[in-house]
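Participant: predicted model, plus sequence, below.
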Protein chains: 2
Amino acid sequence: MATIVSPSHFSPVEDAENIKKACQGWGTDEKAIVSILGHRNLFQRKLIRQAYQEIYHEDLIHQLKSELSGDFERAICLWVMDPPERDAHLAKLALQGPIDYKVLVEISCMRSPEDLLATRRAYRCLYKRSLEEDLAARTTGEIRSLLVAMATAYKYDGKEIDEMLAMSEASILHDEIRGNAVDHEETISVLSTRSSAQLCAIFNHYKDTYGRSITRDLLRHPTNEYLSALRAAIRCIKNPNRYYAKVLRNAINTVGTDEYALTRVIVTRAEKDLKNISDLFFKRNNVSLRQAIEKETSGDYKDFLLALLGNDEIESSSSN
Amino acid sequence: MATIVSPSHFSPVEDAENIKKACQGWGTDEKAIVSILGHRNLFQRKLIRQAYQEIYHEDLIHQLKSELSGDFERAICLWVMDPPERDAHLAKLALQGPIDYKVLVEISCMRSPEDLLATRRAYRCLYKRSLEEDLAARTTGEIRSLLVAMATAYKYDGKEIDEMLAMSEASILHDEIRGNAVDHEETISVLSTRSSAQLCAIFNHYKDTYGRSITRDLLRHPTNEYLSALRAAIRCIKNPNRYYAKVLRNAINTVGTDEYALTRVIVTRAEKDLKNISDLFFKRNNVSLRQAIEKETSGDYKDFLLALLGNDEIESSSSN
């Protein structure tokens, strides 16, 4: 369930004009920007960006970039981007400097097959290279095999399960992971080609047969980068909401707060399943996501994240 | 350049009715079917199939399958399919029984990035599994790495070339191929992620630096299935028309003729570049493709292939 609240009637032209007004003169009226963009859904933001382009012959994102700064700027700009453009942008950032495997795993494993294709199309269009080309050029060894295979997948997304196959592939995974195989060729192949439903069946058989979950077995070498990317991929597939709740928990508990992770999850999930994620967050942490964000962030950035969290949380946290 | 000749005015309903008439009564009027379908372009065939479905509540392909037989049936049915549906069908066939690596390589390397995505979408839709899932399940080792990586690529298709990068990657390929490396991890990664323009630059540097073409170096172990699939992929990328001309030559020179390969190339290329392929065929074999097909095939199947070859060849072969 989504969290953001958007009006049923709105005028893209008026919104564009009001954003322009907020950007003009001395200083910027950030509150006005939050009050508009924090309450517009994907389709509405698209229309506002179009209207802005037509009226002022400038990309709304460029304008916002030049007026705002810091975490607030990054959050607003990501929010205004189209989801495939945003994912392509996040992937590009993840591939610059020290590689952020987790972001790449998130994008590859959490998007629908069509959304992942759209992201690859946007990436190619924006950067004149394919996503897998950059992934392959910036990584090596097993982590490359894993990341490229996951990013290029276009999985079947039906619910059918082949139990016999799941059982036999659970055993293949176990052999490679617990048997300290020289490589994880079969594991990567299974993870990157089987449908999510089939993979969940495989993980269940793994636990039933061997008495420990596959993610637990992968914890044996917590410092191995490849194994932790593999584990992240499995966690994303097993339970996306729980994975995101954990990312939020880590982001908030990090000394100084990891604003980038916080922004990424809130912005990308606000129109999808942020309600479920924040429910899980509350269950696990005894504090609502809203309260945690209120405590750890400040200023316009805080106001904006809270706007994306919507009203539901106000009620649930005030009743707690 | 395409070869087929289609009328500028036509009526899908009349065509559908005439095909139905040709299928009714005792025996089938194959000549009528060739004279209609052999002269309709992709868009026209699509409309005829739609009209047929609406009028007779039956898929035109089912009807044709039940009326026709042998090579003629296969050629006509492939011709009526939408290209992504046809490629998905060819890939599925290639994965049944002994795997036909060359067909899989052809589909992965010769289609535009968007066409390859469309094929994967059609495959998933028709067979409720992803293409890479079936590829991975039916193959192992390096040939699996190669086929899966090629089939899941969505390459950048611009013309930009990075010469320095091409030079360094030519050397990586050479090291792996001539150095008898334990695996071809880098070769597969380069082949499946770099754009066609960049790959051609790499192949040129390879030849310039080492004095032999990469395809020639790969000939050293002609019986190795993986190496011959790799070589086929490189030939597809280097010069698609020459590759197809060679497939036709082999198909025609095989004892008894390889009708499946003949059909596949003629049907899939008739609306794309069959003119160029047949020009190359003539140059290399001193006989026109039309004459070769007239000699090696017969009946309605022959008439249909010749219809797809169009008129150009009649003129060029009569003038020779």
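Facilitator: Alright, I've got the coordinates. Residues are numbered from 1 along each chain as shown, chains lettered A, B, ... in the order given.
Participant: near chain B, which residues of the stretch 51-200 of chain A?
Facilitator: For the stretch 51-200 of chain A, the residues in contact with chain B (C-beta under 8 Å from any C-beta of the partner chain) are A:113, A:117, A:120-121, A:124, A:128-133, A:135-137, A:144, A:148-149, A:152-156, A:158, A:160, A:189-190, A:192-195. Just so you know, the C-beta spots here come from the backbone N, C-alpha and C atoms, and that holds for glycine as well.
Participant: filter those down to the buried ones and hand me the ChimeraX line.
Facilitator: Typed into ChimeraX, the line below selects the buried ones among these, using 16 or more other C-beta atoms under 10 Å in any protein chain shown:
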select /A:113,117,120,121,124,129,130,131,132,133,135,136,137,144,148,149,152,153,154,155,156,189,190,192,193,194,195
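Participant: give me the neighbour count for the residue nearest to A:A2 when sequence neighbours are not counted.
Facilitator: Sequence neighbours aside, A:E271 is the residue nearest to A:A2 in space, at 4.7 Å (criterion: C-beta to C-beta, 6 or more residues apart in numbering or on different chains). A:E271 has 19 neighbouring residues, counting by other C-beta atoms under 10 Å in any protein chain shown.
Participant: for A:E271, what are its contacts?
Facilitator: Neighbour list for A:E271: A:A2, A:I4, A:N41, A:L42 [criterion: C-beta atoms under 8 Å, 6 or more residues apart in numbering or on different chains].
Participant: now, those residues that are in helices?
Facilitator: A:L42 (DSSP state H).
Participant: only the buried subset of the contacts of A:E271, as a ChimeraX command please.
Facilitator: Buried members of the contacts of A:E271, defined by 16+ other C-beta under 10 Å, are picked up in ChimeraX with:
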select /A:2,4
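Participant: export the contacts of A:E271 to CSV and tack on pLDDT?
Facilitator: What follows is the contacts of A:E271, written out as CSV (pLDDT from 0 to 100):
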residue, pLDDT
A:A2, 84
A:I4, 87
A:N41, 96
A:L42, 96
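Participant: measure how buried the closest residue to chain B within the stretch 201-320 of chain A is and give me the count.
Facilitator: Across the stretch 201-320 of chain A, the shortest distance to chain B (C-beta to the nearest C-beta) belongs to A:I202, at 13.0 Å. Other residues within reach of A:I202, judged by other C-beta under 10 Å, total 27.
Participant: check which helix or strand the closest residue to chain B within the stretch 1-150 of chain A maps to.
Facilitator: For the stretch 1-150 of chain A, the residue closest to chain B is A:E133, as judged by C-beta to the nearest C-beta, at 4.0 Å. Here A:E133 is covered by helix A:131-138, with elements defined by DSSP states H and E.
Participant: check A:D157 too.
Facilitator: Using DSSP H and E, A:D157 falls outside every helix and strand.
Participant: can you give me the pLDDT of the closest residue to it other than its chain neighbours?
Facilitator: Nearest residue to A:D157, sequence neighbours excluded (C-beta to C-beta, 6+ apart): A:P113, at 5.7 Å. pLDDT, A:P113: 96.
Participant: just checking, A:P113 touches A:G158?
Facilitator: No: taking contacts as C-beta atoms under 8 Å, A:P113 lies outside contact range of A:G158: 10.9 Å.
Participant: spit out the contact partners of the residue nearest to A:D157.
Facilitator: So A:P113 contacts A:A153, A:Y154, A:K155, A:Y156, A:D157, B:R124 (C-beta under 8 Å, 6+ apart).
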